[in-house]
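Asks: I need the structure of the sequence given here:
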Amino acid sequence: MAYYTVYRPQDWLDELRKSDDNGPIKVVFGSIHTKMPSIASIKAGDIVFPVSLLDKHLYIMARLEVTHKERAFDYCIRELGAPYSSLVPEGFVVKKSQKMEML
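Replies: A predicted model of the protein is given here:
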């Protein structure tokens, strides 16, 4: 088992507040971009601590045990009904009406 911290910047917290999302945190997204750090080395059983700074204090927002990994696209479609800004996998087309079609 390994332990990881994932920093969430102020703009991410602001988005949570705007959407009135008060938790609990269940998902951590990763990316190859610095905005959302890579979670490539994380595996089932590892522990992830999302952290943030608020008024010069470091806050641990959650302690999440990894149960599995999946594509953000699959998660967003299943849980939210739309892909939002997730990377659309090859072979899928997302129409403006947010419907999916397999090619």
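Asks: can we go C-alpha only for contacts and neighbour counts from here?
Replies: Will do.
Asks: where does this protein have low pLDDT?
Replies: 30-38, 85, 96-103 (pLDDT under 70).
Asks: Can you show me the strands along it?
Replies: For the chain, the strands defined by DSSP state E cover 3-7, 47-54, 57-60, 64-65, 92-94, 100-102.
Asks: Just give me how far the fourth one sits from the chain centre.
Replies: Strand 64-65 has its C-alpha centroid displaced from the chain centroid by 13 Å (CA atoms, centre = their mean, to the nearest Å).
Asks: Stretch 5-15 now?
Replies: Relative to the chain's own centre, stretch 5-15 is displaced by 11 Å; criterion: CA atoms, centre = their mean.
Asks: do the same with stretch 43-51
Replies: 12 Å.
Asks: How about that stretch, which residues are buried there?
Replies: Neighbour counts using 16 or more other CA atoms under 10 Å place 46-51 of stretch 43-51 among the buried residues.
Asks: how about it as PDB, C-alpha atoms only?
Replies: Only the C-alpha atoms of stretch 43-51 are listed here, as PDB (Å, rounded to 0.1, in the frame of the first residue of the first chain):
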ATOM      1  CA  LYS A  43      -3.400   1.200  -7.700                       C
ATOM      2  CA  ALA A  44      -6.200  -0.500  -5.700                       C
ATOM      3  CA  GLY A  45      -5.500  -0.500  -2.000                       C
ATOM      4  CA  ASP A  46      -3.400   2.800  -2.100                       C
ATOM      5  CA  ILE A  47      -4.500   5.800  -0.100                       C
ATOM      6  CA  VAL A  48      -5.000   9.200  -1.600                       C
ATOM      7  CA  PHE A  49      -5.200  12.400   0.400                       C
ATOM      8  CA  PRO A  50      -6.700  15.400  -1.600                       C
ATOM      9  CA  VAL A  51      -5.200  18.500   0.100                       C
END
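Asks: what's next to that stretch, contact-wise?
Replies: Contacts with stretch 43-51, where a contact means CA atoms under 8 Å, 6 or more residues apart in numbering, come from 1-8, 28, 58-69.
Asks: now stretch 18-26
Replies: Residues beyond stretch 18-26 that count as contacts (CA under 8 Å, 6+ apart) turn out to be 16, 61-62, 64.
Asks: related to what we said a few turns ago, now restrict the contacts of stretch 43-51 to buried residues only.
Replies: 6-8, 28, 63-66.
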